[in-house]
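1. requesting a structural model of the entry that follows:
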Amino acid sequence: MGWPEIAVIAIVATLVFGPDRLPDLARQLGRFLRTVRQMADNAKNDLGREIGHDLSDMNLRELDPREMVRRSMLDDNVSAPVTPRPQRRMLRPGERPPFDAEAT
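-> Here you go, the predicted model:
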């Protein structure tokens, strides 16, 4: 949201609720956002306590797949070693594919 959208919301809120009730509504909204933020922090602390101290300082944003891709694409310093893939050959007609009983 940009400033024009915020201005439109403020004008509509002033027209709908009136200038008398608007400060009380803003105060209630501030309390609600503070409560939600405290709940999120408490949940993060509880999760960190349950997982352990070694992972408690982990940033949850780092677990976002988009952030992982962005970091790996933009980070020029990291060069992962390239391991060659094993060569796979095509099956001959009538040949059965390999079967791993432990994988099923």
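2. just the helices in this structure please.
-> Using DSSP state H, the helices of the chain run over 3-51, 53-56, 65-74.
3. tell me what the longest one is packed against?
-> Meaning helix 3-51. helix 53-56 (3 or more C-beta pairs under 8 Å, 6 or more residues apart in numbering; DSSP states H and E). All C-beta spots, glycine's among them, are computed from the backbone N, C-alpha and C.
4. pLDDT (mean, whole number) over the helix it packs on?
-> Helix 53-56 carries an average pLDDT of 60.
5. from the centre of the protein, point out the most distant residue.
-> What lies farthest from the middle of the chain is Gly94; by C-alpha atoms, centre = their mean that is 47.9 Å.
6. circling back to that earlier point, comparing the helices of the chain by mean pLDDT, which bottoms out?
-> helix 53-56 (a mean of 60).
7. next one: the spatially most central residue of the chain from Arg71, what distance?
-> The centre of the chain sits closest to Asp64, judged by C-alpha atoms, centre = their mean, with a distance of 4.0 Å. Distance, Asp64 to Arg71, using C-beta to C-beta, to the nearest Å: 10 Å.
8. quick one on the thing from earlier: and Arg88, which of the helices of the chain is closest to it?
-> Arg88 lies closest, by C-beta to C-beta, to one member of the helices of the chain: helix 65-74, at 26.1 Å.
9. buried set for the closest one?
-> Neighbour-count burial for helix 65-74, counted by 16 or more other C-beta atoms under 10 Å, picks out no residue.
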